[in-house]
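1. missing the sequence, but the structure's below:
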C-alpha cells in the first residue's frame, strides 16, 4: 500500500455527510476525514425530528428525511458561499465544484460591473457560440431610485456592444422592452406613480437572461456532490442475517434517486467504535424504544449474539415526567419534550462508581450517595 498517496487523498478529499438514522430522531453532520467538523468539535449534531410531540411537530416523515437533510444542507452551503467567515465556506466553494445546468453560483471579478460581485445566480446552459454560461439571476438587486418603480436595471447596457460586454454579453432586448412596458403601466393617466409603487422593491424578481465567462462564476457545491455515509440503526443490524440483501438500505436510498456523490452504508455499531479508533468490542445503544447491545469481533458484526431490551430512553423520559408531575402541579404530559431535554442535559443513566485511586468498589456508590456525593450533577 502507498500510505502517502492514501493519506494525501484523504486530506484532499471532500467532507462527507454522516447520517445517524433513528426512529424518533435522526442526527447528521458534515465531517472531513482529516480536519474533522467544519464548525469544530464539541458542537451538537444537527437533528431531524421524526416523532411528534405537543410542543415540537416533526420536521418531516421517515420517508423523506434524506431529502430534508439535503435541502437543509443546500441552504447552508448557499449561505456559506457568500460568507468567507462561515465554517462551511470551504465546503461550499473549495476545490472548484463543476459548472453544470441548474447549479447555483456566485458572480465574481466583474471588471465593469463590480456592484454585481457576490450576486447569487442560477446556471441555465452553456452557450457554445460565445463560450459563456447563460444565467438566470434569482434576484435583481436594487441599485438606485428611479421614476415609478424605484429601481433600475443594472444589466441594461450589457450585450449592446458597449462597455461591460467582456463580462456580461447576452442581454435580451425583449425583456428590456417588457420592463419599460411594466414601468409605463405603473403610471396613471396624469403620469403620476400609483399607490402600488410604494411597495418594497429591494427583492423584486425579474425574468431575463444574460451570460458570463466561466472565470466570472464561483460554483456552489451542493449536498448531492458530497459523499454520504448512512448509519444503519442498531435494530436493523441486530435483526438481519449477514450476507443477505439489506431491504432497509434499499428503502432509504430510494428517497434520493440519483446523486453525483457516492453513498456508503455502515452499521452504527461499527461507526461508534471507529470514532474511538478501534474495531473490536461490545456497543450498547439506548434508543428511543429499545436498548440494544451488539458485539463487534475484529471488525465483524456478530448480529446473532445481539441482545435487545424493550426499555429505551422514551421510558426514562416518561418516568421522569411522572415523577415531576407528582411533585409539581404545573407539570403535565404536554411538557414531555421539555422533560426529555432536562433529562439529557442533567441526568446519568448510571453514575460511575469509582473509589479512591480510580478503583471501583462494591457498595461504593451507595456510600457516596449517603455522604451527599451527587456525581457532579448540577443542581
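-> Arrived safely. What you see is a predicted model; the values in this text were computed from it and never measured.
2. switch to C-alpha atoms for all contacts and neighbour counts from now on
-> Noted.
3. longest helix of this protein?
-> For the chain, the longest helix by residue count, based on DSSP state H, is helix 65-81.
4. make sure residue 125 is indeed in a helix.
-> No. Counting by DSSP: H, G, I helix; E, B strand; the rest coil, residue 125 falls outside a helix, being strand.
5. still on that earlier bit, list of residues touching the longest helix of the chain?
-> Residues from elsewhere that reach helix 65-81, judged by CA atoms under 8 Å, 6 or more residues apart in numbering: 28, 48, 60, 86-93, 104, 106, 220-224, 252, 255-256.
6. go through that helix and flag the buried ones.
-> Neighbour-count burial for helix 65-81 flags 65-66, 68-70, 73-74, 76-81 (criterion: 16 or more other CA atoms under 10 Å).
7. now do the helix or strand following it: which elements does it pack against?
-> Downstream of helix 65-81, the first helix or strand assigned by DSSP states H and E is helix 89-93. With contacts taken as 3 or more CA pairs under 8 Å, 6 or more residues apart in numbering; DSSP states H and E, helix 89-93 sits against helix 65-81.
8. what is the rounded mean pLDDT of the helix it packs on?
-> Averaged across helix 65-81, the pLDDT comes to 93.
9. return the distance of that helix from the chain's centre.
-> Taking the mean of its C-alpha atoms, helix 65-81 sits 5 Å from the chain's own mean (CA atoms, centre = their mean, to the nearest Å).
10. now stretch 257-273
-> Mean-position distance between stretch 257-273 and its chain equals 16 Å (CA atoms, centre = their mean).
11. can you check stretch 111-122 too?
-> Between the centre of stretch 111-122 and the centre of its chain there are 27 Å (CA atoms, centre = their mean).
12. what residues of that stretch count as buried?
-> 113, 116, 118, 119, 120, 121, 122.
13. with pLDDT and distance to residue 269 added, can I get the residues you listed in TSV?
-> Shown next, in TSV, are those (pLDDT from 0 to 100; distance: CA to CA, whole Å):
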residue	pLDDT	distance to residue 269
113	78	54
116	81	50
118	82	44
119	83	45
120	83	42
121	85	43
122	86	41
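14. just the closest of these to residue 316, please.
-> residue 120 (47.7 Å; CA to CA).
15. look up the closest residue to that closest one, ignoring the ones flanking it.
-> residue 106 (4.8 Å; CA to CA, 6 or more residues apart in numbering).
16. before we move on, back to that, wait, which of the buried residues of helix 65-81 is closest to residue 300?
-> residue 66 (27.0 Å).
17. picking up where we left off before, of all the buried residues of helix 65-81, which comes closest to residue 339?
-> Checking these one by one against residue 339 (CA to CA), the nearest turns out to be residue 65, at 25.0 Å.
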